[in-house]
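> only geometry, no sequence info:
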């Protein structure tokens, strides 16, 4: 009886570990995907090339093992397709003009806002935390504070229940 109980507990524990590993692996892949989306949006803004030209270059250079290609394309196509709407969401909450917000910050904000508005399955806190981490990686020294401030103000209006 005790051995059976121990075996069942071990099986349950193994399943829980596998689930946690899967979720952790998925979150790592999503983080890498978002990092590449920020780089893509930045390159697109700087180069003024057509989306398809930048898309082809990025797809060739991506390490497919660490990036969810489907999610990557969904995020950057969505961010670009709705860029004017996303920009209009940003600028009531900042004293900066469109031209004063750096390309990196704008890329991160657009990505996060696209997820807020159009990716309801992504939790509020995940979007905020990911945007802050992306700002720390790609932005200037205080960029993450600006990103946090803007997203906090906008996020509560888009998702008032913080889900």
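Here it is on my side, so go on. Given the structure is predicted, the values throughout are model-derived calculations rather than measurements.
> Is there a neighbour count for residue 143? I'd like the number.
19 (other Cβ atoms under 10 Å). For the C-beta atoms, the positions are set from N, CA and C on the backbone; glycine is no exception.
> Could you list the low-confidence segments of this structure?
For the chain, applying pLDDT under 70 flags the ranges 1-24, 63-65, 98, 163.
> list the contacts for the spatially most central residue of the chain?
The C-alpha lying nearest the average C-alpha coordinate of the chain belongs to residue 34 (Cα atoms, centre = their mean; 4.4 Å). Neighbour list for residue 34: 75, 111, 130, 134 [criterion: Cβ atoms under 8 Å, 6 or more residues apart in numbering].
> can you give me phi and psi for it?
phi -60, psi -40 (degrees, to the nearest 10).
> Also residue 101?
With angles defined as degrees, to the nearest 10, residue 101 sits at phi -80, psi 130.
> Just give the closest residue to it, not the sequence neighbours.
In this structure, residue 101 finds its nearest non-sequential neighbour in residue 94, 6.9 Å apart by Cβ to Cβ, 6 or more residues apart in numbering.
> Spell out, range by range, the helices that occur in this structure.
Taking DSSP state H to define them, one finds helices in the chain at 2-47, 51-61, 69-81, 83-90, 103-118, 124-138, 143-158.
> okay, those, which one's buried deepest?
For these, average neighbour numbers computed from mean count of other Cβ atoms under 10 Å are highest in helix 103-118, which has a mean of 23.
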